[in-house]
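Enquirer: Sequence first, predicted model second:
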Amino acid sequence: MSQKRPLLAAGQSVTVHVPATSANLGPGFDSLGLALRLHDTLTVLTLASDELEFVLGGEGADSLPRDASHLTVRTIDAALAKLGFDRAGLRIEADNVIPHGRGLGSSAAAIVAALLAATALLPEAERPDSDWVFQFASELEGHPDNVAPALFGGLAVSWHDDAGYRSAKLAVDPSIRPVIAVPETELSTETARAMLPSSISHQSAAANSGRTALLVHAMTAAPEYLFAGTEDYLHQEYRAQAMASSAQLLELWRGAGLAAVISGAGPTVLVLAEGPDQVEKSRQLAADAAWRVQELEIDIEGAKMILHRQS
Ligand SMILES: Nc1ncnc2c1ncn2[C@@H]1O[C@H](COP(=O)(O)OP(=O)(O)OP(=O)(O)O)[C@@H](O)[C@H]1O
Ligand SMILES: N[C@@H](CCO)C(=O)O
């Protein structure tokens with residue numbers, strides 16, 4: 001039987017900041033994702049005991065488990081098992097700002113934060129690199145479209161080949177200003193994925209390919225094509241039943257000429273506004289108590305980590 005090794009000595013801690021992400025952006029299902037300046041903060045401290053301590057604030061503070069079934073601990077345990085290390089006691093301090101189950105990449109952010117923290121607490125010579133984190137986080141999520149921008153920032157195009165998950169980071173045209181409308185209701189990604197058909201027509205696939213290609217051009221160099229580039233043929237209409245208000249806001253915004261999409265698996269709605277007039281128009285049209293409307297900057301840096309080592 002292989003012997004596992006202990007984590008670093010008690011009293012070491014690491015703090016990680018990870019951005020929210022909006023995946024799909026319309027037609028880029030499971031491949032496009034944009035990092036937004038709205039961050040969760042996670043601090044993990046190694047303890048002398050075997051206890052798990054939790055100090056949870058913000059989103060999910062009243063409902064998340066405070067034991068080894070917490071997503072952060074499950075992810076740390078999965079990483080350590082894969083790398084051949086044992087976990088001792090940990091203190092988990094989380095300040096969660098990204099809303100849960102709203103299509104803003106909260107689970108990807110939690111997984112990326114946990115993997116960065118776990119690997120940072122290993123002896124330096126054995127610490128895997130960020131590509132290892134990208135591979136394992138994408139495997140745990142099941143798709144890389146939130147993980148890539150959460151980890152590397154900016155606009156990410158991700159795909160999968162025989163060698164694993166891959167991503168390319170693109171610079172976004174500076175006139176593009178994301179605006180989100182977040183409802184109170186949650187929708188789990190699992191439920192939203194179960195609503196998708198197992199196959200689509202060749203005609204829809206061809207239309208979707210054209211719009212995805214156009215969207216990449218629009219986001220990086222030609223924002224005048226944002227509206228046409230955000231037309232989707234793969235997922236939004238199939239999921240509309242599970243988010244009727246979001247489908248209505250999507251129609252209202254697109255009817256006014258705004259490049260609106262369902263963010264991730266929903267139910268948040270996102271506008272890729274071009275300039276301040278479109279930001280204002282988005283706000284006015286969604287001025288209803290049912291929506292928390294917010295303009296967010298694009299996060300070009302991705303996850304950030306501070307290691308507090310004690311000598
Ligand atoms: N910081 C966190 N700590 C612990 N668990 C979390 C955290 N963030 C998310 N989760 C778990 O993940 C669930 C949400 O994940 P889900 O994949 O359904 O939606 P999402 O990631 O918010 O949206 P999307 O994948 O569409 O962008 C939460 O209900 C919670 O169980
Ligand atoms: N591409 C994913 C994003 C949400 O995790 C989906 O739409 O299901």
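Expert: Received, thanks. Ligands and ions are numbered 1, 2, ... in the order given.
Enquirer: switch to C-alpha atoms for all contacts and neighbour counts from now on
Expert: Will do.
Enquirer: How many neighbouring residues does residue 50 have?
Expert: 11 (other CA atoms under 10 Å).
Enquirer: how near is it to residue 116?
Expert: 21 Å (CA to CA, to the nearest Å).
Enquirer: Same question for residue 190.
Expert: Residue 190 is 24 Å from residue 116, by CA to CA.
Enquirer: more neighbours, the two?
Expert: residue 116 (30 against 10).
Enquirer: Tell me which helix or strand comes right after whichever strand or helix holds residue 211.
Expert: For residue 211, the enclosing helix or strand under DSSP states H and E is helix 202-220. Later in the chain than helix 202-220, the nearest helix or strand by DSSP H and E is helix 226-229.
Enquirer: which of the residues in the very next helix or strand once past that next one are buried?
Expert: Counting by DSSP H and E, the next helix or strand C-terminal to helix 226-229 is helix 236-239. By neighbour count with 16 or more other CA atoms under 10 Å, helix 236-239 contains the buried residues 236, 239.
Enquirer: I would like the residues contacting helix 236-239, please.
Expert: 26, 192, 195, 196, 197, 262 (CA atoms under 8 Å, 6 or more residues apart in numbering).
Enquirer: need the strands for the stretch 1-150 of the chain, in chain order.
Expert: Shown for the stretch 1-150 of the chain, the strands assigned by DSSP state E, counting those that start in this stretch span residues 5-6, 13-24, 28-46, 52-58, 85-86, 90-96.
Enquirer: One more: the stretch 151-300 of the chain?
Expert: Using DSSP E, counting those that start in this stretch, strands in the stretch 151-300 of the chain cover 155-161, 164-170, 176-182, 260-262, 269-274, 292-295.
Enquirer: Work out the sheet partners of the shortest one and label each with its direction, please.
Expert: Strand partners for strand 260-262, identified by DSSP bridges, are recorded as strand 269-274 (antiparallel).
Enquirer: what does the last one give?
Expert: In the sheet containing strand 292-295, the strands it pairs with under DSSP bridges are strand 176-182 (antiparallel).
Enquirer: got the angle between the strand it pairs with and helix 202-220?
Expert: Interaxial angle, strand 176-182 versus helix 202-220 (axes from the mean of the first three to the mean of the last three CA atoms, to 10 degrees): 120 degrees.
Enquirer: So strand 176-182, near ligand 1 or not?
Expert: No: counting by CA under 6 Å from any ligand atom, ligand 1 is not contacted by strand 176-182; separation bottoms out at 11.4 Å.
Enquirer: For that strand, give the mean pLDDT please.
Expert: Taken as a whole, strand 176-182 carries a mean pLDDT of 98.
Enquirer: Could you check the angle it makes with strand 28-46?
Expert: 80 degrees.
Enquirer: so how far is strand 176-182 from its chain's centroid?
Expert: Centroid separation for strand 176-182 versus its chain: 15 Å, with CA atoms, centre = their mean, to the nearest Å.
Enquirer: repeat for stretch 68-84
Expert: Worked out by CA atoms, centre = their mean, stretch 68-84 lies 19 Å from the chain centre.
Enquirer: picking that back up, out of the strands of the stretch 151-300 of the chain, deepest packed?
Expert: Of the strands of the stretch 151-300 of the chain, the one with the most neighbours on average (mean count of other CA atoms under 10 Å) is strand 260-262, at a mean of 30.
Enquirer: Leaving out chain neighbours, which residue sits closest to residue 228?
Expert: Leaving aside its sequence neighbours, residue 228 sits nearest to residue 211 (CA to CA, 6 or more residues apart in numbering; 6.9 Å).
Enquirer: Could you measure from the one you found over to residue 273?
Expert: Taken as CA to CA, the span from residue 211 to residue 273 is 17 Å.
Enquirer: go on, residue 258?
Expert: 7 Å.
Enquirer: Quickly list what's touching both of those two.
Expert: In contact with both residue 258 and residue 273: residue 282, using CA under 8 Å, 6+ apart.
Enquirer: now what about stretch 12-20, what contacts it?
Expert: 35-46, 98, 104-106, 109-110, 112-113, 116-117, 120-121, 150-151, 153, 299, 302-310.
Enquirer: Mark which of those are buried, thanks.
Expert: 35-46, 98, 104-106, 109-110, 112-113, 116-117, 120-121, 150-151, 153, 299, 302-305.
Enquirer: So what pairs up with the spatially closest residue to residue 66 that is not a sequence neighbour in the strands?
Expert: Closest residue in space to residue 66, ignoring its immediate chain neighbours: residue 54 at 6.1 Å, by CA to CA, 6+ apart. On the basis of DSSP bridges, residue 54 is bridged to residue 92.
Enquirer: My read is that residue 54 contacts residue 68, right?
Expert: No: using CA atoms under 8 Å as the test, residue 54 is too far from residue 68 to be in contact (10.5 Å).
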